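In: Sequence and predicted structure below; questions after.
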Amino acid sequence: MIKLKNPYAEYPGYSCFGCSPTNPSGLHMEFFKEGDELICKWDPVEHYQGFHDILHGGIQATMMDEIASWVVFVILDTAGVTYQLSTRFRKPVHISKGLITVRATLVKKQRRIAEIEARLYDGDKVLCAESQANYFIMPHEKAVSDFHFPGKYAFLK
């Protein structure tokens, strides 16, 4: 498993809610690559709960959308934007169960559309939620010029 670097972390004004290490309200997600799959291990805290001891569904969906964007960066070597996210909540995610794991893989790419599957597991490794994220992906040149995309190798350093 390879720990990925967040090359955007050094950009002035960068404050992504999902992955910025300096956003005081953010999730501070970090990612790893294992084969064609991206993985995030995240320790939940109480201020992200909805009902008592249950991780808020919006946070779950955000985490799956965030890891899907990193699939676009690292696997497809470009940037993109979410145009559709479909999430199914299977079981409550109890914060007290500890470390949450999110996994994502590219299902298919057709022209400028990428379909990504993300799965969220609780501290007992039980599948609790899953999303299909559809991304509109940019041509590499546009990702570099308009989105300051540094190239996938910047994530692998």
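Out: Looks like it came in fine.
In: List the contacts of His140.
Out: His140 is in contact with Asp77, Thr78, Phe149, counting by C-beta atoms under 8 Å, 6 or more residues apart in numbering. Any C-beta I mention is one placed from the backbone N, CA and C, and that applies to glycine too.
In: typo on my end, His148
Out: Residues near His148 by C-beta under 8 Å, 6+ apart: Tyr8, Tyr11.
In: Among the contacts of His140, which one sits closest to Asp65?
Out: Nearest to Asp65 out of the contacts of His140 is Thr78 (C-beta to C-beta; 16.8 Å).
In: Report the secondary structure state of Val72.
Out: helix (DSSP: H, G, I helix; E, B strand; the rest coil).
In: Pull out the buried members of the contacts of His140.
Out: Among the contacts of His140, those scoring as buried are Thr78, Phe149 (criterion: 16 or more other C-beta atoms under 10 Å).
In: Including secondary structure, could the contacts of His140 go into a markdown table?
Out: Supplementary listing: those in a markdown table, determined by three-state DSSP:
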| residue | secondary structure |
| --- | --- |
| Asp77 | coil |
| Thr78 | coil |
| Phe149 | coil |
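In: pretty sure Val81 belongs to a strand, no?
Out: Yes: judged by three-state DSSP, Val81 forms part of a strand.
In: ok, it to Thr87 distance?
Out: Remark: distance between Val81 and Thr87 (C-beta to C-beta, to the nearest Å) = 17 Å.
In: who's more crowded, those two?
Out: Set Val81 next to Thr87 and count neighbours by other C-beta atoms under 10 Å: Thr87 wins out with 18 against 11.
In: Look at the residue nearest the centre of the chain and give its secondary structure.
Out: Nearest to the mean C-alpha position of the chain, counting by C-alpha atoms, centre = their mean, stands Ile67 at 1.5 Å. With three-state DSSP as the basis, the three-state label of Ile67 is helix.
In: Wait, it touches Phe31, no?
Out: Yes: using C-beta atoms under 8 Å, Ile67 is in contact with Phe31, at 6.7 Å.
In: Touching both of those two, which residues are there?
Out: Common neighbours of Ile67 and Phe31 (C-beta under 8 Å, 6+ apart) are Leu38, Cys40.
In: quick one: the residue nearest to the centre of the chain and Tyr48, what's the gap?
Out: 16 Å.
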